[in-house]
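Q: prediction below, plus the sequence it came from.
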Amino acid sequence: MDFNLSHEQQLLRDGLTKFLSTRYDLEASRAAVKSGAGWQPDIWRAFADELGILGAALPEDVGGIGGGPVEVMVIAEALGLALVVEPYVDTVVVAAGLLRRADGDVAAALLEDIVAGRAIVALAAAEAESGDRWQDAATTARRDGSDWVLDGAKIMAVGAPIATHLLVTARTDSGISLFCVDVGTAGIELHGYRTIDDRRAADLVLTGLRLPADALLGEEGQAWPSLDRARDEGAAAVCAEAVGGMRKVLADTVEYCKQRQQFGQPIGSFQVLQHRMVDMHMELEQSVAAVYLAVLNLEAEPATRARAVSAAKATIGRAARFIGQNAVQLHGGMGMTEELAIGHYFKRLTAVQYEFGTTDHHLARYAELTRA
Amino acid sequence: MDLTWSPTDVAFRDEVRAFLQDKLTPELQRAGRLMTSVYSDHEASLQWQAILHERGWAAPAWPVEYGGCDWSLTQHYVFSRESTLAGAPALSPMGIRMVAHAIVAYGTQAQKDFFLPRILTGEVFFCQGYSEPESGSDLASLSMAAISDEASGDLICTGSKIWTTHAREANWMFGLVRTSRTAKKQQGITFVLIDMSTPGIEIRPLVMTSGEEIQTQVYFDEVRVPKSNVIGQIDDGWTVAKYLLEFERGGGANAPALQVRAAEVAAAAASQPGPAGGSLIDDPGFARKLADARIRTEVLEILEYRVLAALSGGGHPGSASSMLKILSTELSQALTELSMEAAGPSGRAYQPHAALPGGPVTEYEPPADGYVSGEPWQAVAPLHYFNDRAGSIFAGSNEIQRNILAKAELGL
């Protein structure tokens, strides 16, 4: 048993953390989201060229470094600490995971582009009628000659407005399939918006979306196991990201309570607030442990993986809620404004509870997996 | 002891319903339903106040001689419940529900004659100046200086107030200023009414996490306040403030609104997919959480009823208001979370254009075609969740309320 990072993993963490602390400005990133392009392409370029984090966990044959879930954990936590809005998890963890398991020239070429920072790929899987139950997607794909024709609607495709490519789920007679689509393709109506945590996302309406035969990734109707795994990988990555965010808000809260004077003393001297912060600390420590549980089981057989990821996501969901809400509470009114970092982190810690399966979804799945 | 309504009460309910049916336009209902915080859209709120005033129902809890209603306790409750059920916008609490009570209890005849009728019409719109950057939970430590100018008889006020809701819309502020420094910080505070058009006042809006500019910080630089605008005695404002805080914290009827919101969450959940397939309302985990919240609203209703009963006997809410404040704000927060859960993926989209925020939203460009992901309530859900975090902070944080209860109710 070994919970230590390797020398290379430590270098990865330290290099990225240093880069973000000097180059990733909270104000600038929010300004880009609110009135600019929605993200900072130069930061993404640096992720690819200066830091190499886009390929850190991808295979060498597509230009990556060949790391795995631990590298993803290290990167995601550092991104969470700096509240990075660029779509690392969506593109490099979720979409790249799906592409790796799909084989074929289209997938391989797109993976190379992801590693090189040339492609942003967003997954369009959630639908209004089935919510986060991706396996219940109602969007259809039918053959027309050698082409595929897709019809349906997707919601909350995170990263879609800034993406170069979309991975779209659709149903055929034999089950759920996955298609790779260039964003400019006719037949896609894209309604872009900001998310509550300052990301970019979109709803999509697909009307007679015509795709060539090689747009199908993997076997027709057989995409569910890969999607299920991608969702677990995404969940594990946002759990690690949330740990970074929770470290930041807990540290800020403790510091604030040491500084803020009321009733002639620092509010941190009041026992009720000390106990609250100790509870926040324990939630954080459990979250760190839960991320290990998920990450070290990500490559296990599906039922083991699912159980570990659900345990982690439920733990982080509870912790992100408790730590986020109490960080705001202990900051008082200031915690509810955009003037301090805390408000921005609170929004991210809120969204995390609902991404890649809600806390309740993972509790239900864990119960199902452990009932026998 | 009796929980049933008399025929008179039922007749009154029908009268209120008929009034609401007649006067509450779809636009006003929309303002009530799409609220993202405890504050309605300002214009809609004033419009509704004018309609209520025309009928004599703008301030039913006031003494009859100043425009209140000679209603039984049940009638007050019925009115509040029916208004909420019908989706009426909320009136600003600062004037009718707060400062007016201080003016009635501690004001001079001239102050009553000037302010009370104008509060009713909306001509005088109040904001509150209590908290200061360095005085939040420890309100009595406030330091905004008010120096008596012997020549003019004015108080000259310099300092800053924060968390002032609707300062830009208000033309008057009620606030607390420091007129003398004594060993006991509660002494030397004076309760004043400040004309917001007085020279020397500057307002800076604060952008909340919801993106809304609801709160502000207000700066005072040698602002003159005539002593005729002092409520109660100079240096004895804490007495007035404490009295008012009880009205701010409780003594109203929050349960009906919470019950309506719980019912809305139930309806919303019936339309949304659950985590295990089927409808969310059939998911046992969600159903139990919602049932727990609804049970609490029913119990809160009885608790509020008991406090109202004490009030109608001529009392004031006392420390029970601290309990009602904690229970109702934490329940409200729980409902915003259930609403977020029901909203599903679309609940993570930021779409204030589909809601009616309580203040201007800056740095936001609504989609040109007005597109909304999901239904308007799904757009309201996250904004309400963010804004409602204020419930456990404002009007004395819930930690402070628990301190009050420990001391007053348990003698600790």
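A: Yep, it's here. Numbers count the residues shown, from 1 in each chain, chains lettered A, B, ... in the order given.
Q: send the alpha carbons of stretch A:350-369 over as CSV?
A: Presented in CSV, the C-alpha positions along stretch A:350-369 are these (Å, rounded to 0.1, in the frame of the first residue of the first chain):
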residue,chain,number,x,y,z
THR,A,350,-22.8,23.7,-5.7
ALA,A,351,-22.6,22.5,-9.3
VAL,A,352,-20.2,19.7,-8.4
GLN,A,353,-23.0,18.1,-6.3
TYR,A,354,-25.1,17.6,-9.5
GLU,A,355,-22.5,16.7,-12.1
PHE,A,356,-21.9,13.1,-13.4
GLY,A,357,-24.8,11.9,-11.2
THR,A,358,-26.3,13.8,-8.2
THR,A,359,-25.5,12.8,-4.6
ASP,A,360,-28.8,10.9,-4.5
HIS,A,361,-28.1,9.1,-7.7
HIS,A,362,-24.9,7.8,-6.3
LEU,A,363,-26.4,6.9,-3.0
ALA,A,364,-29.1,4.9,-4.9
ARG,A,365,-26.5,3.2,-7.1
TYR,A,366,-24.4,2.3,-4.1
ALA,A,367,-27.4,0.9,-2.3
GLU,A,368,-28.3,-1.2,-5.4
LEU,A,369,-24.7,-2.5,-5.8
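Q: quick one: average confidence on it?
A: Confidence for stretch A:350-369, expressed as mean pLDDT, is 95.
Q: mind pulling up the pLDDT for residue 252?
A: Reading this off chain A. Listed pLDDT for residue A:252 reads 98.
Q: looking at chain B here, not the other one
A: So residue B:252 comes in at 66 (pLDDT).
Q: who in the stretch 151-300 of chain B is up against chain A?
A: B:162-163, B:206-209, B:211, B:215, B:272-273, B:275-277, B:283, B:285-286 (Cβ under 8 Å from any Cβ of the partner chain). In this view, the C-beta of every residue, glycine as well, is placed from N, C-alpha and C.
Q: out of these, the closest to residue A:310 would be?
A: Of all those, residue A:310 sits closest to residue B:275, with 11.1 Å by Cβ to Cβ.
Q: grab the nearest non-local neighbour of the closest one.
A: Nearest residue to residue B:275 in three dimensions, chain neighbours excluded: residue A:361, at 3.8 Å (Cβ to Cβ, 6 or more residues apart in numbering or on different chains).
Q: residues near residue B:333, how many?
A: A count of nearby residues for residue B:333, using other Cβ atoms under 10 Å in any protein chain shown, gives 18.
Q: residue B:285 now?
A: Residue B:285, neighbours per other Cβ under 10 Å, totals 19.
Q: for it, give me its contacts.
A: Counting by Cβ atoms under 8 Å, 6 or more residues apart in numbering or on different chains, residue B:285 touches A:360, A:363-364, B:275.
Q: next: residue B:310.
A: B:317-318, B:320.
Q: report the rounded mean pLDDT for stretch B:177-191.
A: The average pLDDT within stretch B:177-191 is 94.
Q: run a quick neighbour tally on residue A:296.
A: Using other Cβ under 10 Å, residue A:296 is surrounded by 16 other residues.
Q: er, residue B:47 actually
A: Neighbours of residue B:47 using other Cβ under 10 Å come to 18.
Q: so it sits against residue B:28, correct?
A: Yes. Residue B:47 lies in contact with residue B:28 (Cβ atoms under 8 Å); the separation is 6.5 Å.
Q: quick one: the residue lying closest to residue A:101 once chain neighbours are set aside and residue B:70, what's the gap?
A: Sequence neighbours aside, residue A:226 is the residue nearest to residue A:101 in space, at 4.5 Å (criterion: Cβ to Cβ, 6+ apart). Taking Cβ to Cβ, to the nearest Å as the measure, residue A:226 and residue B:70 are separated by 71 Å.
Q: which of the two has more neighbours?
A: Legend: neighbour count by other Cβ under 10 Å for residue A:226 and residue B:70, higher for residue A:226 (20 against 8).
Q: which strand or helix spans the more buried one?
A: helix A:224-259 (DSSP states H and E).
Q: packing partners for the helix or strand following that helix?
A: Per DSSP H and E, the first helix or strand lying C-terminal to helix A:224-259 is strand A:261-262. Contacts defined by 3 or more Cβ pairs under 8 Å, 6 or more residues apart in numbering or on different chains; DSSP states H and E place strand A:261-262 against no helix or strand at all.
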